[in-house]
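Colleague: fold the following for me, if possible:
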Amino acid sequence: MTNTEGKGDTLKVRMDAVTLSMMDTARAYLKLDKSKFIRESVREKAESVIAEHQKTRFSAEDWTAFFGALDAQAAPTPRMKRAAAMFRDIQK
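Modeller: This next block holds a predicted model:
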């Protein structure tokens, strides 16, 4: 077993002094070490970006068309009529 088993890749980051100071203050409030604070912050941001890009957005016209299609009763097709007739015949 090696010492690196179960550990992820290493990431080196350059930060300006203001950002580093803000990070140190924030992580002190949360009582987290630098690595854990950065991992959690990156994960939260990544989840947020992914969720935002995976949303389906509808315009007002899209919503109207969608709910209109749900509310409108479709006329039965010939195939549906044959299926209903076959079902009635089976039930007899």
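Colleague: going by C-alpha atoms from here, please, whenever you check contacts or count neighbours.
Modeller: Will do.
Colleague: what residues does the residue nearest in space to the middle of the chain make contact with?
Modeller: The residue lying closest to the centre of the chain (C-alpha atoms, centre = their mean) is Ala51, at 3.6 Å. Taking C-alpha atoms under 8 Å, 6 or more residues apart in numbering as the criterion, Ala51 is in contact with no other residue.
Colleague: and the lowest mean pLDDT element among the helices and strands of this structure?
Modeller: Using mean pLDDT, DSSP states H and E, the weakest-scoring helix or strand in the chain turns out to be helix 60-71, at a mean of 91.
Colleague: chain center to that one, what's the gap?
Modeller: Between the centre of helix 60-71 and the centre of its chain there are 24 Å (C-alpha atoms, centre = their mean, to the nearest Å).
Colleague: what about the lengthiest helix in the chain, average pLDDT?
Modeller: With secondary structure taken from DSSP state H, the chain has its longest helix at helix 34-53. Along helix 34-53, the predicted confidence averages to a pLDDT of 96.
Colleague: again with stretch 11-28
Modeller: This predicted structure assigns stretch 11-28 an average pLDDT of 95.
Colleague: good, wrapping up.
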